[in-house]
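A.B. asks: here are the coordinates; sequence isn't available:
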Ligand SMILES: Nc1ncnc2c1ncn2[C@@H]1O[C@H](COP(=O)(O)OP(=O)(O)OP(=O)(O)O)[C@@H](O)[C@H]1O
């Protein structure tokens, strides 16, 4: 998967953010604009008030006129102040929240539906980590672009209004103030560059910290940590990574601090010089007292507007850049066919043939393909067993057949049509699967079997499937039976299932789905011998009228299949019935002999009879 996509331009990100807020709640943007306008009017009225008071006193106006002028100003202040509070309330409450909720929803949808191959790829995970940093909360910069824009607008308007007052006193003051702001901008640019340059590394370090955290937190990792005494080793690695992360964060914080210091220092020099000049004008009677007070206040605030422009444009640029991270992540395309696809074959009680033509698969960044040149036709209703050494590519092969991976060479067809042409979700309806890594969902046992909400669950069928998979006794022994919750982390009263029980539950889930193709990846690896033998005994019943693909390391158990495929060297090295492969005397026969060594002669033939298929 290509990880780097051209980053979005600043304008594109601003337009995107504005669109997002406008669609969700137009009032938010109206309030942002209102906040900027009132935000500049309010202090302006504030600094105008003393001038009006002084001018009126100097002109010795009638008391009624004086009170009216001051009263109007006070009323204006009160109205503006209330309007500003209202606008701020709306923007503070909505801006970050609208953005974060929208992005969280889209990213959750993406996680739930994204094509599996991309979901699994490390490149996608890294993009997710970067985006995750930018989506940490409703206060994160990327979520607050309209607010930064509003603040920037406020400062630009303040700059222009107050600038007009100051220009009236002397245009050079503006030039002087603007040059000092330019110097300040340079200092902030440096800080922003440090932040930008270190973002990739900081994101990677955060990813590592997250991984170590999870490994220490999850019971599966915690068990090994204790038994292998990994506390010291992992603690050391954690400290190193944390140290490196702190170094980077420190670098960014130091850059920010230097920029702020230079801002404070420059402000002091700048305002001091401007005030000195105003005092000089007053002492020489070149300015009225009212105008002196107004200009004095304007210069004080002008510096604030200038540094506001510098700071908020810098913040806005940072936010824009982080929004790019989110958009790049959300824009990773789902390559699977989620639109209207080719109609699924209908009309036969048996599922259609699955054909692999010269199919192969190379994992991203792998030097050599895991599988290549696979030619195979799985006939309707056929029972196929796949065997082979660890890492031979058995699971990869079934993931290809399931459509979870797209072949990197050749093609896979169902009923003569490339499986990529079927709608992905419709194609999945054909498959009942049990993989090695079993995931339990935080609902009750019945829901875990039906994979449906309670109102759509057929409880009678759930009980039948639990009986077929051999979990009925366990479930019936629970106080709430199949209504017992699973996943303790979510439900306090949940039960914990053993590895074998989970496997039985996964089998019940596959049986409940009752799809025409059943794919089992070592479904009995964690079962006790009696439960395992029971599954073998019932295999014909469980897969009746279906195509079945069955991976197992227990070679004796594959004898009840119509055909056995031995995967080796990235392809199908041997193919045939058990007897054919034994007669051929190849790798399968060798593996079988090695394994049967551990069984008494009678055990194998016992299985043979038990399957009632040989
Ligand atoms: N997500 C992945 N990314 C990269 N390589 C992978 C990935 N999954 C598996 N592989 C590699 O592909 C090869 C085949 O793996 P696969 O899981 O298909 O083997 P298997 O025959 O099912 O093994 P086992 O019997 O141990 O379950 C292995 O060498 C493995 O390292």
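C.D. replies: Received, thanks. Only a predicted model underlies this, so the values are computations on that prediction, with no experimental measurement involved. Numbers count the residues shown, from 1 in each chain.

A.B. asks: now residue 351: phi and psi?
C.D. replies: phi -70, psi 150 (degrees, to the nearest 10).

A.B. asks: residue contacts, it?
C.D. replies: By CB atoms under 8 Å, 6 or more residues apart in numbering, the residues touching residue 351 are 380, 381, 430, 516, 517, 546, 547. For the C-beta atoms, the positions are set from N, CA and C on the backbone; glycine is no exception.

A.B. asks: can you pick the most crowded of those?
C.D. replies: Most neighbours among those, by other CB atoms under 10 Å: residue 547, with 24 neighbours.

A.B. asks: need the phi and psi values for that one.
C.D. replies: The phi/psi pair for residue 547 (degrees, to the nearest 10) is phi -90, psi 140.

A.B. asks: what's the answer for residue 385, then?
C.D. replies: According to degrees, to the nearest 10, residue 385 has phi -110, psi 140.

A.B. asks: got the confidence number for it?
C.D. replies: The model reports residue 385 with a pLDDT of 94.

A.B. asks: and if you look at residue 602?
C.D. replies: Looking at residue 602, the pLDDT reads 46.

A.B. asks: and residue 204, how many neighbours?
C.D. replies: By other CB under 10 Å, neighbour count at residue 204 equals 17.

A.B. asks: ok so, going back, secondary structure and distance to residue 54 for the contacts of residue 351 - can I get that in TSV?
C.D. replies: Shown next, in TSV, are the contacts of residue 351 (DSSP: H, G, I helix; E, B strand; the rest coil; distance: CB to CB, whole Å):
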residue	secondary structure	distance to residue 54
380	coil	98
381	coil	99
430	coil	86
516	coil	91
517	strand	89
546	coil	94
547	strand	94
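
A.B. asks: closest to the ligand among those?
C.D. replies: residue 517 (18.4 Å; CB to the nearest ligand atom).

A.B. asks: for the closest one, list the residues it contacts.
C.D. replies: Contacts for residue 517 (CB under 8 Å, 6+ apart) come out as 351, 354, 430, 431, 432, 546, 547, 548, 549.

A.B. asks: which residues are in contact with the fourth one?
C.D. replies: Shown in contact with residue 431 (CB under 8 Å, 6+ apart): 402, 515, 517, 518, 519.

A.B. asks: does the ligand sit close to the helix or strand hosting the fourth one?
C.D. replies: Here residue 518 is covered by strand 517-521, with elements defined by DSSP states H and E. No. In terms of CB under 6 Å from any ligand atom, no part of strand 517-521 sits within range of the ligand; the closest distance is 7.2 Å.

A.B. asks: after that strand comes which helix or strand?
C.D. replies: Scanning onward from strand 517-521 (DSSP H and E), the first element met is helix 529-542.

A.B. asks: could I get the average pLDDT for that following helix?
C.D. replies: 79.

A.B. asks: show me where the stretch 451-600 of the chain has helices.
C.D. replies: Secondary structure of the stretch 451-600 of the chain (DSSP state H, counting those that start in this stretch): helices located at 459-469, 472-476, 499-513, 529-542, 578-584, 587-596.

A.B. asks: quick one, which of those helices is nearest to residue 333?
C.D. replies: helix 499-513 (28.5 Å; CB to CB).

A.B. asks: now do the buried residues in that closest one.
C.D. replies: 500-513 (16 or more other CB atoms under 10 Å).

A.B. asks: and stretch 34-50, by the same measure?
C.D. replies: Buried-residue list, stretch 34-50, by 16+ other CB under 10 Å: 34-45, 47-49.

A.B. asks: which of those residues fall within helices?
C.D. replies: Under the assignment DSSP state H, the buried residues of stretch 34-50 contribute 34-45, 47-49 to helices.

A.B. asks: just those residues that are near the ligand?
C.D. replies: Counting by CB under 6 Å from any ligand atom, no member of these is near the ligand.

A.B. asks: ok so, going back, and the helices of the stretch 451-600 of the chain, which one is worst for confidence?
C.D. replies: Among the helices of the stretch 451-600 of the chain, helix 529-542 scores lowest, with a mean of 79.

A.B. asks: mind giving me the packing neighbours of it?
C.D. replies: In this structure, helix 529-542 packs against helix 459-469, helix 499-513, helix 601-611, with contacts taken as 3 or more CB pairs under 8 Å, 6 or more residues apart in numbering; DSSP states H and E.

A.B. asks: columns distance to residue 595 on top of those, output as TSV?
C.D. replies: Listed next are those as TSV, based on distance: least, CB to CB, whole Å:
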stretch	distance to residue 595
helix 459-469	25
helix 499-513	21
helix 601-611	10
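
A.B. asks: of all those helices, which lies closest to residue 139?
C.D. replies: Per CB to CB, nearest to residue 139 of these: helix 499-513, 40.3 Å.

A.B. asks: just want the angle from the closest one to strand 517-521.
C.D. replies: Between the axes of helix 499-513 and strand 517-521, defined by axes from the mean of the first three to the mean of the last three CA atoms, to 10 degrees, the angle is 170 degrees.

A.B. asks: now do the buried residues in stretch 18-26.
C.D. replies: Those would be 20, 21, 24, 25, for stretch 18-26 by 16+ other CB under 10 Å.

A.B. asks: what does stretch 565-574 give?
C.D. replies: Buried, per 16+ other CB under 10 Å, within stretch 565-574: 565, 566, 567, 568, 570, 571, 572, 574.

A.B. asks: can you narrow the residues you listed to ones near the ligand?
C.D. replies: Counting by CB under 6 Å from any ligand atom, no member of the buried residues of stretch 565-574 reaches the ligand.

A.B. asks: contacting residues around residue 170?
C.D. replies: Neighbour list for residue 170: residue 277 [criterion: CB under 8 Å, 6+ apart].

A.B. asks: going along the chain, name the strands of the stretch 301-450 of the chain.
C.D. replies: Secondary structure of the stretch 301-450 of the chain, counting by DSSP state E, counting those that start in this stretch: strands at 354-361, 371-378, 383-388, 409-414, 417-418, 431-434.

A.B. asks: any chance of the ones you listed in a markdown table, with distance to the ligand too?
C.D. replies: Formatted as a markdown table, the strands of the stretch 301-450 of the chain follow (distance: least, CB to the nearest ligand atom, whole Å):
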| stretch | distance to the ligand |
| --- | --- |
| strand 354-361 | 9 |
| strand 371-378 | 8 |
| strand 383-388 | 5 |
| strand 409-414 | 15 |
| strand 417-418 | 22 |
| strand 431-434 | 13 |
